[in-house]
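Novice: here is my input, please return the structure:
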Amino acid sequence: VQVMLELEGGCLGLMPDVKATQTVAIDASGEQRVDWRIKVIKEGEAVVRMQALTNEESDAIQMRFPVYVHGMRKQIPQTGVIRPDQTRTTITFKVPSSRRVEESRLALRYSPTLAGAMVDALPYLVSYPYGCTEQTLNRFLPTVITQQTLKRMGLDLAAIRQKQTNLNPQETGPDQQRALGWQRYDHNPVFDENTVNAMVIAGVNRLAAMQLSDGGWGWFSGHGERAYPHTTALVVHGLQIARENGVSLPDGLIDKGLQWLTNYQARELEQLKRWDQTKKKGKAHAGHLDALVYMVLVDENLESKAMRDYLYRDRNHLAVYAKAMFAIALHHIGDREKLAMILKNIDQYLVRDAENQTAYLNLPNSGYWWYWYGSEYEAHAYYLKLLSAVEPGSKKASGLVKYLLNNRKHATYWNSTRDTAVIVEAFADYLAASGEAAPDLTLDIFFNNQKMKTVRITAENLFTFDNKFVLEGKQIPSGTNTITLKKSGSGSVYFNAYLN
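Specialist: As a prediction, the model looks like this:
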């Protein structure tokens, strides 16, 4: 029997001294194994055809096989930051010689701020379809906060409507595809003053209509509805921020809410005092809601020393979220001694990741994560608000920003309208306090000690500056390679580099 091997596709070849055709003798009803040693030449699809030919009967079979490279795609990431008091940093990559040179790519992305990426969350908040009291507030307030932040930076909102620069350098991929990914919604209202004004008027009017006769707010308001301390405190806090950002409010709207909260706090104090007297009736500990209400009232200079003392006494019963609120209020009134203790209480849960320059709270909330004060993201946001007030230039604060940014859903928002709105509020506080809203720096980029690019970054071009440096193919030599970043001027530079 003449046995033949035929190979098509150019992916496989015979080893030296191996013949494609062999002759074997096969007994009647017998069988014979025939082997060919082959080698892989390239990847692709190989066609393997075998024939057994005689002068009487013949047979053949053909099969297709995928041929793969004996290797894998590999990405080597690097991340870092040049802080305001630093001027340079160097990162090193070892590029293997056994690689596809033409497919090699080294991409560096950089940004003076991570918190500025909060702009991407606004269309989600605006487009959310429901309309309870809390969501009515969250629909317009974050947009107002962000717009006022951008205007304080001296930016022309209309000029940056078509956002070109992704301020999160950790995100990879072609810029045009990334931009389409951000644009899940038709319109980002933050760049349109007329749209924002209309949103504010509609939102404020709706909140005014939803305010109950006693001055508080419920979930939806209407027949049979009653006011809740949590909802009322959130609305009053939101209206306070709106007022700070130039929103005009109807007369008495905040005052009625503040009076409701003041009355609520007085009733809670009576319950706490009753317990102190009887040890049976009343309320044994100041709680999470007490911390929220206390913070809101302190923001209006309506401070109760009695509630302050109870909250401090019972601080170990407060969730980390509530501790952060209480600490913000303590900072507002200047009680440094109590503030220092609460900061220590919170910092015991802090985890730092030096490799990724992130920081986060390992929250002890497994037993109450479903309550408002058990929200992971809101707790982090309020801790960031606290740090923005007391330690805005700390590694903890910038690490929290990066951690929160890394944990967005779909690179735009977090779990809900509520935590997304709170994080936008915290990012705005951080931008203002840290100085990252006003970068004024020049970045020189060196590859293997050769200057390759100079980039000027200011508040004016924050959304339009060229934020990437890319080398491909033969531009990347094998062996050890270095990228050096040299910064002059004021501000931080966050960067990520990816070798593929």
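Novice: show me the shaky parts of the stretch 101-250 of the chain.
Specialist: Along the stretch 101-250 of the chain, the model assigns pLDDT under 70 to residues 124, 126-131, 155-167, 171-191, 222-223.
Novice: now the closest residue to I26 other than its chain neighbours: which helix or strand?
Specialist: The shortest distance from I26 to any non-neighbouring residue, by C-beta to C-beta, 6 or more residues apart in numbering, is to Q32 (4.8 Å). For every residue, glycine as well, the C-beta is placed using N, CA and C. According to DSSP states H and E, Q32 maps onto no helix or strand at all.
Novice: which pLDDT value belongs to Q32?
Specialist: We have a pLDDT of 91 for Q32.
Novice: how many residues are close by it?
Specialist: Taking other C-beta atoms under 10 Å as the criterion, the count of residues near Q32 is 12.
Novice: where's it relative to V3, distance?
Specialist: Distance of Q32 to V3, computed by C-beta to C-beta, to the nearest Å: 8 Å.
Novice: what residues are shared contacts of those two?
Specialist: By the contact definition C-beta atoms under 8 Å, 6 or more residues apart in numbering, Q32 and V3 are jointly contacted by V24.
Novice: for the stretch 351-500 of the chain, what spans make up the strands?
Specialist: 358-361, 440-447, 450-458, 468-472, 479-490, 493-499 (DSSP state E, counting those that start in this stretch).
Novice: and of the ones you listed, who's closest to Y413?
Specialist: strand 358-361 (18.4 Å; C-beta to C-beta).
Novice: pLDDT (mean, whole number) over the closest one?
Specialist: Averaging pLDDT along strand 358-361 yields 95.
Novice: was I right to think T146 contacts A117?
Specialist: No. The pair T146 / A117 is not scored as a contact, 10.9 Å apart, by C-beta atoms under 8 Å.
Novice: okay, those two: which has more neighbours?
Specialist: T146 (26 against 23).
Novice: residues in contact with that one?
Specialist: Going by C-beta under 8 Å, 6+ apart, T146 touches M118, V119, L122, V190, V424, A428.
Novice: residues contacting the residue lying closest to the first one once chain neighbours are set aside?
Specialist: Leaving out its chain neighbours, the residue that sits closest to M118 by C-beta to C-beta, 6+ apart is F427, at 4.3 Å. F427 sits next to A115, G116, M118, L384, V401, L404 when contact means C-beta under 8 Å, 6+ apart.
Novice: ok, now with 10 Å
Specialist: By C-beta atoms under 10 Å, 6 or more residues apart in numbering, F427 lies in contact with 113-119, 121, 142, 145-146, 149, 381, 384-385, 388, 401, 404-405, 436.
Novice: now, the residues you listed that are in helices?
Specialist: Those of the contacts of F427 mapping onto helices are P142, I145, T146, T149, A381, L384, K385, S388, V401, L404, L405, per DSSP state H.
Novice: could you double-check that the fifth one lies in contact with S375?
Specialist: Yes. In terms of C-beta atoms under 10 Å, A381 counts as a neighbour of S375; the distance is 8.8 Å.
Novice: common neighbours of the two, please.
Specialist: Y321, W414, D419, V422.
Novice: so which of those residues wins on neighbours?
Specialist: Result: Y321 is most packed of those (other C-beta under 10 Å), 27 neighbours.
Novice: the residue nearest to T54 when sequence neighbours are not counted: neighbour count?
Specialist: Spatial nearest neighbour of T54, chain neighbours left out: V1 (5.4 Å); criterion: C-beta to C-beta, 6+ apart. When neighbours are defined as other C-beta under 10 Å, V1 has 16 of them.
Novice: what sits against V1?
Specialist: 22-26, 32, 34, 51-54, 57-59.
Novice: hmm, which two among these are most spread apart?
Specialist: Q22 and E57 (17.9 Å).
Novice: more neighbours, those two?
Specialist: Taking neighbours as other C-beta under 10 Å, Q22 and E57 compare with Q22 leading, 15 against 8.
Novice: quick check: the more buried one touching R33?
Specialist: No. The pair Q22 / R33 is not scored as a contact, 11.1 Å apart, by C-beta under 10 Å.
Novice: for the residue most central in space within the chain, give its distance to F427.
Specialist: For the chain, L405 is the residue whose C-alpha lies nearest the centre (C-alpha atoms, centre = their mean; 1.6 Å). Distance, L405 to F427, by C-beta to C-beta: 9 Å.
Novice: who touches both of these two?
Specialist: L114, A115, A117, M118.
Novice: surely the last one is in contact with A381?
Specialist: So the one you mean is M118. No. Using C-beta under 10 Å as the test, M118 is too far from A381 to be in contact (11.0 Å).
Novice: now do the shared contacts for those two.
Specialist: Counting by C-beta under 10 Å, 6+ apart, the residues touching both M118 and A381 are L404, T420, I423, V424, E425, A426, F427, Y430.
Novice: top of these by number of neighbours, please.
Specialist: Highest neighbour count within the shared contacts of M118 and A381, by other C-beta under 10 Å: F427, with 30 neighbours.
Novice: how much space between that residue and E436?
Specialist: Distance of F427 to E436, computed by C-beta to C-beta: 10 Å.
Novice: which residues are common contacts for the two?
Specialist: Common neighbours of F427 and E436, using C-beta under 10 Å, 6+ apart, are T113, L114, A115, G116, V401.
Novice: among the residues you listed, which pair sits farthest apart?
Specialist: Within those, two members stand farthest from each other by C-beta to C-beta: G116 and V401, at 9.9 Å.
Novice: overlap in contacts of these two?
Specialist: F427, L431, E436.
Novice: got the contact list for the second one?
Specialist: Which is L431. 113-116, 118, 146, 149-150, 152-153, 388, 392, 401, 437-438.
Novice: which residue packs closest to S394, ignoring adjacent ones?
Specialist: That would be L387: by C-beta to C-beta, 6+ apart, it lies 6.2 Å from S394.
Novice: and for V298?
Specialist: Using C-beta to C-beta, 6+ apart, the closest residue to V298 is A329 (4.1 Å).
Novice: shouldn't that neighbour be in contact with D299?
Specialist: Yes. With contact defined as C-beta under 10 Å, A329 reaches D299; the gap is 7.7 Å.
Novice: more crowded one of the two?
Specialist: A329 (25 against 18).
Novice: quick one: that one is in a helix?
Specialist: Yes. Counting by DSSP: H, G, I helix; E, B strand; the rest coil, A329 is located in a helix.
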